Each structure stands twice: as structure tokens, then as C-alpha cells.
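> This is a predicted model, with the sequence first.
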Amino acid sequence: MKKILIGGAWPYANGSLHIGHIAGLLPGDILARYHRAIGDDVYFVSGSDCHGTPVAIRAKQENRTPQEISDFYHKEFVECFEKLGFTYDLYTKTSSDAHKNFVKEFHRKLYESPYVYEKEVPQAYCNNCNTFLADRFVLGKCPKCGSDTRGDQCDACGTVLEPEVLIEPICAVCRKPVSFKKSKHLYIAISKLQTELKALVNRHPEWRKNAIAFTNKYIEDGLRDRALTRDLEWGIEVPKDGYENKTIYIWAENVLGYLSASKVAAEERNTDFYELWGKDAKHYYVHGKDNIPFHTIILPSLLLGNGEGWHLPDQIVSSEYLTLEGRKISTSQNYAIWVKELLEHYEADSIRYFFIANGPEKKDADFSWREYVHSHNSELLGAYGNFVNRSLAFIVKYCDGVVPNGIENPELDAQIGEIFLSVGKQIEKGCFKAALAEIFDFVRSANKFFDTERPWITRNTDKAACDNTLYQCVQIIANLAVLLSPFLPFSSEKVLGWLNVNNKWERKVISAGYVLPEIEILFQRIDKKVIEIETEKLESIL
């Protein structure tokens, strides 16, 4: 049994989740379900990112406290993830006492290292909003390429920035010019860790290509030291004398949530937290492309700087961008599909299927209602749901619900065994789309087998042949349910329940004579009218 840590990115608790979040985070649940199915000791953790300027600004806009805002969205996130079938071992929040206490102890140790120093720097301040601004809340033009950008990084050319170097900097909230005030802060010397960070990326050629490319670019451009503290009220207190009116910069504490959350999860399970962060564990980090540097540069720098031998990232599962009907998702313009609303009208397995089969795994992807409805009706329902229901309904109708006798099929058994091995390897490599495609190739071959054998005819002309066909179909269905359980947990749970088998990652055999319970339709067809209705809703926003 191997210890597995799976860390899903922590969404900002300043607004509702949209489909872009789900596209990036869903692989984490697939990994967790798979590793549990093969018998590993899994710790799947994440939480709501509650501190920092985004939450404080939203609170000010709504005349509420940052705690009230973050708690409200945290509750909404928890409900959405539960409905989507995410099996977090712990989904917490950065405002929890456990996280804050862990972070302060981690930083105390970090400040003793040779990598932390004090520096007086200009910090962006908005006189109109009467607040200091986090880097990402300063807008302007990139000094390198001239594109419109945020104060932390230029998306156009990839340059890592500081707000004070922007041309014509303005506040992202009120769009007024910002000023800069001198302030003393603690910095971590990431530049001194260049050798270790370069070695880390070189050791992991299996990382997603975007993670390798982005990380190498940051290193080659020259790593820049980063502030650990900020002049913000809403955050975790800095555990150092003289810094009583400052807080820990959000980027220097939210990524430590993987440690604080897994520590709580380990304590609840009465297992060794330090063993989970030892050399024999395996760690996955699941997030979108814009979070790559936080997981390949910043988190490793904090872990290395702390000096206690923490386990560095193994697998970076970084998705590309998701667009919506050919346009960039914009939360400020309300041009998005909100997860809580999507779940009110569509099945969780249907949503999960689309974002794996058509998601931004290795390149940017687009969500369109036409493609979503087609994917559901033709693939999920038309191929998989159809095979399961036509096979089992046939047995219920013509065999009194009793699985008939069949002949052992070594060729089919070997094929199923190979698919288990192949799909498992693909999941572990982060190739979820390929894994799901292989399973659905098997689904299509199963439908072809049913059609070729024509049990609706052989039930009258060759009962033994008909029985054997149905027996083989039941074996295929049982194994498909296990193979699909990480991807489609709700429908898989139904099928596994009908056949009275577990989801352990191994070939299943259903004995002849087993009596099926009452069978129901696995997926409901989506009316094509939905395409026009949902598309018009989006067009009305523009």
C-alpha cells in the first residue's frame, strides 16, 4: 500500500464556481477514486482560499465582513463538490484554526533559514478604495511587450512582474490610478534555490508539457525573490516581532494548505502525517495552467526554505484553458456557466464525462451546448447507457432476470485484464482523456458484439448461443462499471449495486444464476431544445 497525496487547487471564496474550475479540478477526484480502488492509502485534500484582497474587496462591495463572504462561498463550494461526487478526504478553508496555526509554525521555522530577509519596497495603494492592493489587483501595460496585464504576471508574454514596473498602473476594482508607498516586508530568496528548482523539473519529464515549459521559462528568465508578507488586514498574522500590522501574503500560505489539510486528515485517521510527506509517498497536484508557478516554483521554494525535508511535487496535473462558446469566461461580466446552476438541471456523471472526454487536458478546449448535448446523447447515453440497459433489460424480460449460463471466454478475459492495466497506467500518468477513450472503445466493441450475436433472434433459434451472448454481456458490464467508477461514480454505483460487486480495480466475474434486481434507465436523454435555450441565455449577457 502506497501513501498518495492528491492536492486540488484551492478556489477563491469570493464568488461562485464556474465550469472552468471543474474542468481543472475534476482529475483530482479521478485520481483519488482510482488509487483507493487499487488499495492505496489516499489523502485527497483541498479547500477554499479565504484570505487576501479578492475576498476583502468583495466584502467591501457587499458591506459584509471578509469572514462572512468567504464562509458563504465555502458552503456553496462544499455543496457543489459533493453533488459532483468529489471524494475529498478533507475539504477545508484557509480561515480554519488548523490551517492558520500550521502556517504560523511553518513560517516561524522558515524565517530562521538563510533564505528569508527583510526589504523595504514600494507597495501599491489605492487612495480611492483606501487599501493596499495585492499584485493581481493592479492593472496596467506590460513593460516588456506592451500588452494589458495584471501586476503579478503578463499572460501575453509570460513575464513575471511587480506592480511598480507596470506602465500606467490602475486599481482593478475602481480603475483609478494607484500610488506606491514604501513598506518593510519579509522576502524569500527564490533566486538562491534556482539549482534545486531546475533539478526538480528535470527529474520529472512526466509532468504536463505546459508545466515543464512554464517552469523552465521562469527559471531561464531569472527567478525573482517574492514577498512573504503584505500590508493587508484580512489574512494570517505574521509570527514575527515588528510585523504586528501585516499579514502573510496569500500565495505564501494558501499552498501550505496541502500540508495543513493533510495533517488534519492524517490525525483524523490516526496515521503518520510525516510519513505522508516522506520520500516513499507520491504527490499529485491538480490545477489550471495559471496556477503552475505556484506549484512548481513557489510551493517547492517554501518547502525547501523551511528545511525540514518535505516531499516535493511528483506529478503536476495542470490543465489548459477552457472557453465558453468560443469566448473567454468572464466572471466580472457574468459570462460563465455557474456550477451550482448546472447541477440543478444536468446529471453529475454527464458533466464529469464531458469535461474529461472534451476537456482542456493538453490544449485549450471549448464548452458549447451543442457539443455537450451531443456528447451526452450519442456517447454517454447512446453507447454506454444503451449497452447496459439493452443487455440487462433483455435478461429481465426474457430470462426472468436470471443471468444465464455461458462459456468461459479466455480471449475476453485477457482483453479485460489488459484494459485494467492500460487504463490504470493512463490515469497514473494523468492521461484521463486517453483512459476514458479506451474504455469507450470497449463499450463500442461490446455494442457491436451484441448486434452481431443478435440475441433477439437466437433466443428462438439457438437458446444456448443466446444465453452465452447475454452471459458475456453481463461480464462486460460488470467490468465496465469498475473501469468507469473513477470517472462516472453515480452510474457506476448503480450498476455495481445491480450486480452486487465492489469497485476494487480487478476483473469481475458474475456467476450464472445471479438474479438481477429491478433495473432502471441509466441516463436520461437531453432534449435538443436545450441547445437553443441555453445558448440564448449566454447571448443575452453579451
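It's in. Numbering: from 1, shown residues only.
> which residue sits closest to G307, ignoring its sequence neighbours?
Distances taken as Cβ to Cβ, 6 or more residues apart in numbering put S113 closest to G307, at 5.5 Å, once the chain neighbours are dropped. Bear in mind the C-beta positions are built from the backbone N, C-alpha and C, glycine included.
> scratch that, C174 is what I was asking about
Per Cβ to Cβ, 6+ apart, closest to C174 is N128, 4.8 Å.
> and if you look at S95?
C50 (4.1 Å).
> residue contacts, the one you found?
A13, P66, Q67, S70, D71, H74, K93, T94, S95 (Cβ atoms under 8 Å, 6 or more residues apart in numbering).
> same deal with K83?
Here K83 is in contact with L343, A348 (Cβ under 8 Å, 6+ apart).
> quick one: which of the contacts of C50 is nearest L516?
Looking at these and their distance to L516, the nearest is H74, at 42.4 Å (Cβ to Cβ).
> so the closest one sits right up against S48, yeah?
Yes. The criterion here is Cβ atoms under 8 Å, and H74 meets it with S48 at 4.1 Å.
> which residues do those two both contact?
By Cβ under 8 Å, 6+ apart, the residues touching both H74 and S48 are A13, K93.
> of the two, who's got more company?
S48 (26 against 22; other Cβ atoms under 10 Å).
> Now the more buried one: which helix or strand?
Using DSSP states H and E, S48 falls within strand 41-48.
> Partner strands of that strand and their direction?
strand 3-8 (parallel), strand 90-93 (parallel) (DSSP bridges).
> what's the average pLDDT for the next helix or strand after that strand?
For strand 41-48, the succeeding helix or strand toward the C-terminus, using DSSP H and E, is helix 53-61. Across helix 53-61, pLDDT averages out at 85.
> Name the next helix or strand downstream of the worst-scoring helix or strand of the chain on mean pLDDT, please.
Across the helices and strands of the chain, the lowest-confidence element by mean pLDDT, DSSP states H and E is strand 131-132, at a mean of 83. Later in the chain than strand 131-132, the nearest helix or strand by DSSP H and E is strand 138-141.
> which other residues reach that next one?
124, 147-151, 163, 166-172, 175, 178.
> now stretch 392-410
By Cβ under 8 Å, 6+ apart, stretch 392-410 touches 455-456, 459, 466-472, 474-475, 477, 498, 510-517, 519.
> do stretch 203-213 as well
With Cβ under 8 Å, 6+ apart, stretch 203-213 has contacts from 201, 215, 289, 292, 295-296, 313-318, 320, 362, 429-430.
> try stretch 312-320
With Cβ under 8 Å, 6+ apart, stretch 312-320 has contacts from 23-24, 27-28, 31, 200, 204, 206-208, 210-211, 282-289, 291-292, 295-296, 299-300, 303-304, 359-365, 430.
> Buried only: go through those residues for me.
23-24, 27-28, 31, 200, 204, 207-208, 210-211, 283-289, 291-292, 295-296, 299-300, 303-304, 359-361, 365, 430 (16 or more other Cβ atoms under 10 Å).
> so of those, which ones are in helices?
Judged by DSSP state H, helices contain the following of those: 23-24, 27-28, 31, 200, 210-211, 292, 299-300, 303-304.
> Give the buried residues for stretch 81-90.
For stretch 81-90, by 16+ other Cβ under 10 Å, it's F81, K83, L84, G85, F86, T87, Y88, D89, L90.
> Keeping just the C-alphas, turn that stretch into PDB.
Taking Å, rounded to 0.1, in the frame of the first residue of the first chain, the C-alpha atoms of stretch 81-90 are listed here in PDB:
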ATOM      1  CA  PHE A  81     -18.300  19.400  -4.900                       C
ATOM      2  CA  GLU A  82     -20.500  16.900  -3.000                       C
ATOM      3  CA  LYS A  83     -23.100  16.900  -5.800                       C
ATOM      4  CA  LEU A  84     -20.400  16.400  -8.400                       C
ATOM      5  CA  GLY A  85     -19.200  13.400  -6.500                       C
ATOM      6  CA  PHE A  86     -15.800  14.700  -5.300                       C
ATOM      7  CA  THR A  87     -14.500  12.500  -2.600                       C
ATOM      8  CA  TYR A  88     -12.200  14.800  -0.700                       C
ATOM      9  CA  ASP A  89     -10.800  13.300   2.500                       C
ATOM     10  CA  LEU A  90     -10.800  16.800   3.700                       C
END
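> for it, the distance to its chain's centre please.
Stretch 81-90 sits 11 Å away from the centroid of its parent chain (Cα atoms, centre = their mean, to the nearest Å).
> ok, back up a step: what's the mean pLDDT across the strand holding S48?
98.
> same deal with stretch 359-374?
97.
> Stretch 127-134: which residues count as buried?
Quick answer for stretch 127-134 (16+ other Cβ under 10 Å): C129, T131, F132, L133, A134.
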